[in-house]
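Asker: need a structure here:
(2 chains)
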Amino acid sequence: MIEAALPGAEVEVSDETGGGDHLRANVSAPQFEGLSRLDQHRLVKAAVKERFDDGTIHALSVKTRVSG
Amino acid sequence: MADAELKQKVEGLIAANPVLLFMKGTPEMPRCGFSMRVIQVLDSMDVEYGAIDVLPALQPLREVTTEISDWQTFPQLYVNGELLGGADIVEEMFDSGELAEALGVDQPEAVSVPAADPPAQSPPLQIE
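Answerer: Residues are numbered from 1 along each chain as shown, chains lettered A, B, ... in the order given. Next up, the predicted model:
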């Protein structure tokens, strides 16, 4: 989902608890260039919003990096 | 649409408290791991902060913070009226020293180790 929203992004998602609903995402994307950390996180959260809304994910840790 | 009265209250609190944390639970008893992580960071920095437990009004407050700062999840740390971030960003900024700079304090020497004796902090604020 994150890759679909941010073409060219490299995404690594890991399961924090083994329960599948507490995830950690390391995202490197060219789109982050020039954005504040807050805005980078906003992009990632917006990409997975649906999964939060339907309850698939309860918590997501995000770490972002500019790539490209 | 967020509740206008609540939004006004929240904006007032953010303006009145140089360091303000919206969290799940209280600093003494955080009810979420992310909130606890931010508390540990703040407590290690010897900084006075206000804390608001969002759990009694989670959804209305979510709507308010979405309008104020386009951020839906808690915890949220505000410094000098601006959203700094949630737990991930606060920890990243702590590790890099940016948080100490934003708070105008010295970077603690023992990185990431919460103080055994938390410094004095202002009492939790309540939204009525």
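Asker: so the closest residue to residue A:25 other than its chain neighbours is in which element?
Answerer: Distances taken as CB to CB, 6 or more residues apart in numbering or on different chains put residue A:13 closest to residue A:25, at 4.9 Å, once the chain neighbours are dropped. C-beta here means a position set from N, CA and C on the backbone, and glycine is covered the same way. Using DSSP states H and E, residue A:13 maps to strand A:10-15.
Asker: now the residue most central in space within chain A: which helix or strand?
Answerer: By CA atoms, centre = their mean, chain A has its centre lying nearest to residue A:44, at 3.9 Å. Following DSSP H and E, the helix or strand that holds residue A:44 is helix A:37-47.
Asker: for that helix, the distance to its chain's centre please.
Answerer: 7 Å (CA atoms, centre = their mean, to the nearest Å).
Asker: got it, and stretch B:71-89?
Answerer: Using CA atoms, centre = their mean, the offset of stretch B:71-89 from its chain centre is 6 Å.
Asker: wait, does that stretch contact chain A?
Answerer: Yes. If you take CB under 8 Å from any CB of the partner chain as the test, stretch B:71-89 does meet chain A, through B:71, B:72, B:73, B:83, B:85, B:86, B:87, B:88, B:89.
Asker: pLDDT, neighbour count and secondary structure added to the residues you listed, as JSON lines?
Answerer: Formatted as JSON lines, the residues of stretch B:71-89 next to chain A follow (pLDDT from 0 to 100; neighbours: other CB atoms under 10 Å in any protein chain shown; DSSP: H, G, I helix; E, B strand; the rest coil):
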{"residue": "B:71", "pLDDT": "95", "neighbour count": "18", "secondary structure": "coil"}
{"residue": "B:72", "pLDDT": "91", "neighbour count": "16", "secondary structure": "coil"}
{"residue": "B:73", "pLDDT": "93", "neighbour count": "17", "secondary structure": "coil"}
{"residue": "B:83", "pLDDT": "98", "neighbour count": "18", "secondary structure": "strand"}
{"residue": "B:85", "pLDDT": "97", "neighbour count": "24", "secondary structure": "strand"}
{"residue": "B:86", "pLDDT": "97", "neighbour count": "25", "secondary structure": "coil"}
{"residue": "B:87", "pLDDT": "96", "neighbour count": "26", "secondary structure": "helix"}
{"residue": "B:88", "pLDDT": "96", "neighbour count": "20", "secondary structure": "helix"}
{"residue": "B:89", "pLDDT": "97", "neighbour count": "24", "secondary structure": "helix"}
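Asker: between the residues you listed, which is nearest residue A:6?
Answerer: residue B:88 (17.2 Å; CB to CB).
Asker: what sits against that closest one?
Answerer: A:41, A:61, A:62, A:63 (CB atoms under 8 Å, 6 or more residues apart in numbering or on different chains).
Asker: no more questions from me, cheers.
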